[in-house]
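Colleague: After the sequence you'll find the predicted model.
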Amino acid sequence: MNIRKIVIGSVLVILGLPVVLVLIAVAWIHVLDRTNGTIVSSGQKREYLLYVPRSYDRAKPTPLVISMHGGARPSK
């Protein structure tokens with residue numbers, strides 16, 4: 001009986017852990033889903049995130065990096 005409980009517990013952990021990790025990832029993404037603003041492009045409202053490093057100095061020329069991804073969320 002004792003070995004059977006260990007095997008069943010192990011199987012539940014092996015099957016349940018990925019599910020728990022996915023749920024945590026989905027919740028984390030939802031919590032971090034914040035926008036800094038919106039623009040209208042091609043007639044659709046688009047959201048963007050703006051990240052400015054703490055080391056940014058307005059007095060120094062700084063490169064601008066724009067990263068666009070077409071596979072985000074479907075348009076509303």
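Modeller: All right, it came through fine. Residues are numbered from 1 along each chain as shown.

Colleague: Report the contact partners of the residue positioned nearest the centre of the chain.
Modeller: Closest residue to the average C-alpha location of the chain: Ile29 at 3.8 Å, with Cα atoms, centre = their mean. Contact partners of Ile29, counting by Cβ atoms under 8 Å, 6 or more residues apart in numbering, are absent. To be clear about C-beta, it is placed using only N, CA and C from the backbone, and glycine gets the same treatment.

Colleague: Confirm that it sits in a helix.
Modeller: Yes. Assessed with DSSP: H, G, I helix; E, B strand; the rest coil, Ile29 lies in a helix.

Colleague: Tell me how far it lies from Ala59.
Modeller: Here the criterion is Cβ to Cβ, to the nearest Å. By it, Ile29 lies 36 Å from Ala59.

Colleague: Same check on Arg46?
Modeller: Distance, Arg46 to Ala59, by Cβ to Cβ: 31 Å.

Colleague: Same drill for the two, tell me which one is more crowded.
Modeller: Applying other Cβ atoms under 10 Å to Arg46 and Ala59 shows that Arg46 carries more neighbours, namely 14 against 5.

Colleague: Would you map the strands across this protein?
Modeller: Using DSSP state E, the strands of the chain run over residues 37-41, 44-48.

Colleague: Having no further points to raise, I will conclude here.
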